[in-house]
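Q: Let's see this in three dimensions:
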Amino acid sequence: MSKEFAQAVFDLCRTREVLAQNNPVLCELIAKSIGTHRVAEKTVRVQQGALFTFLITGDATSKLVERYRLHPNAIKSLARCGPGYLVSDEGLQPVVYGTLPPLQTDYALPRNDQSRARGLRLYERFVQGAGRRWGEDGLAQ
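A: Numbers count the residues shown, from 1 in each chain. Predicted structure coming up:
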C-alpha cells in the first residue's frame, strides 16, 4: 500500500491500542499523534559543597514546557506480553492484556464446504492446479 494511504488510515483511527514497539521512528510517530501537554518545569541552582555534596543556592526558575502525553521511551520499555496503552477520545489509559492458554482439542474441527465460496482461491490456483483456468465467477472451468 502507498505511504499516503497508510498515513490516512493512521490519521483516521480514533482508538488505538499501543503495545511494545522497538522501532524508534514508529514510537516517535505514535507519541506525536497522541500529542503533548504543558507542564511547569522548575529548575533549582546548586553548587558543589564539601565531600561531594551539593548546596542549594536559592536561585530557581520556572517555565512552561511541552511534554509528550506518552513518551516514545515508555512505548519502547513495555514488556513483550501484557501491558499496553489504550488511546481514545477519553484520553490515555494504561491496560494489561491477559494471555489465553493455547487452544487444544482432541477431535477434528469441522470445516465448511468452500467449493462455492467467493475469494481469491490462491491455494487452488497456485498449489493444487497451476494449469487450470479460472472464470470471472472465481470457479474452475
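
Q: Centroid-wise, who is the farthest residue in the protein?
A: In the chain, the residue that sits farthest from the middle, by Cα atoms, centre = their mean, is Ala50; the gap is 49.0 Å.

Q: which residues touch that one?
A: Residues near Ala50 by Cβ atoms under 8 Å, 6 or more residues apart in numbering: none. All C-beta spots, glycine's among them, are computed from the backbone N, C-alpha and C.

Q: all helices for the protein, in order.
A: For the chain, the helices defined by DSSP state H occupy 3-12, 24-34, 72-76, 122-123.

Q: what's around the closest residue to Gly49 other than its chain neighbours, how many residues?
A: Once flanking residues are discounted, Gly49 sits nearest to Leu55: 4.4 Å by Cβ to Cβ, 6 or more residues apart in numbering. By the criterion of other Cβ atoms under 10 Å, Leu55 has 10 neighbours.
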